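Visitor: Just need the structure, nothing else, for what follows:
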Amino acid sequence: MDALQNTGRAYLAFARGEPAYYAAMFETGTLQAPSPALVQAGDRAFEVLVKAAAKVIEKLPQAERPPAQMVALHMWSLAHGIASLFGRAKCGPRALVPEEELLEAATLIYLRGLGLAGGAAPAAAS
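Guide: Below you'll find the model as predicted:
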């Protein structure tokens, strides 16, 4: 759990501290065919998140365990969305709650939905 939270916090800190690099990574659309070294670096970075997700979900019964890559993509999506929507401008209601608190709450809600982090998974619809 700590690894997921720390990875998310680092993501938010990078987006906030290096806005030009963050924008270049996701918003320029200039890399049509990234270099093999860039692909490898991205894969290594994503693998950190996949390993953290795998450790968290290993507490679930095998039959109820989502793929670690899927959980990692969900966690990345949460961090990326918060960084993109709330991490740039400190105005209006966006300034009321720190990005890290938004991410922590969203992560806990997500994990509780899986039956982790002190919550029970929702009953399956029949």
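
Visitor: Give the buried residues for stretch 49-69.
Guide: The neighbour-count check on stretch 49-69 (16 or more other CB atoms under 10 Å) flags 49, 50, 52, 53, 56, 57, 68 as buried. Quick note: C-beta positions are derived from backbone N, CA and C, even for glycine.

Visitor: Just the buried positions in the helix or strand of the chain with the lowest mean pLDDT, please.
Guide: Ranking every helix and strand in the chain by mean pLDDT, DSSP states H and E puts helix 19-26 at the bottom, with a mean of 83. Judged by neighbour count (16+ other CB under 10 Å), helix 19-26 contains these buried residues: residue 22.

Visitor: model confidence over the helix or strand that comes right after it, on average?
Guide: Using DSSP states H and E, the helix or strand that follows helix 19-26 towards the C-terminus is helix 36-57. What helix 36-57 shows for mean pLDDT is 91.

Visitor: what do you get for stretch 77-88?
Guide: 85.

Visitor: mind starting the numbering at 44 from now?
Guide: Sounds good: first residue 44 from here, last item stretch 120-131.

Visitor: what's in contact with that stretch?
Guide: With CB atoms under 8 Å, 6 or more residues apart in numbering as the test, stretch 120-131 has contacts from 50-51, 54-55, 58-59, 62, 65, 69, 137, 142, 145-146, 149-150, 153.

Visitor: Among the residues you listed, show me the least confident.
Guide: Scoring the contacts of stretch 120-131 by pLDDT puts residue 137 last, at 60.

Visitor: rewinding a little: need the max-distance pair from the buried residues of stretch 92-112.
Guide: Within the buried residues of stretch 92-112, 92 and 100 form the most distant pair, 12.4 Å apart (CB to CB).

Visitor: Can you say which two of the contacts of stretch 120-131 are spatially most distant?
Guide: Spatial extent of the contacts of stretch 120-131 (CB to CB) is set by the pair 62 and 153 at 26.1 Å.

Visitor: Quick one: neighbours of residue 79, just the number.
Guide: 8 (other CB atoms under 10 Å).

Visitor: ok, it to residue 121 distance?
Guide: Counting by CB to CB, to the nearest Å, the separation of residue 79 from residue 121 is 29 Å.

Visitor: With residue 86 instead?
Guide: 20 Å.
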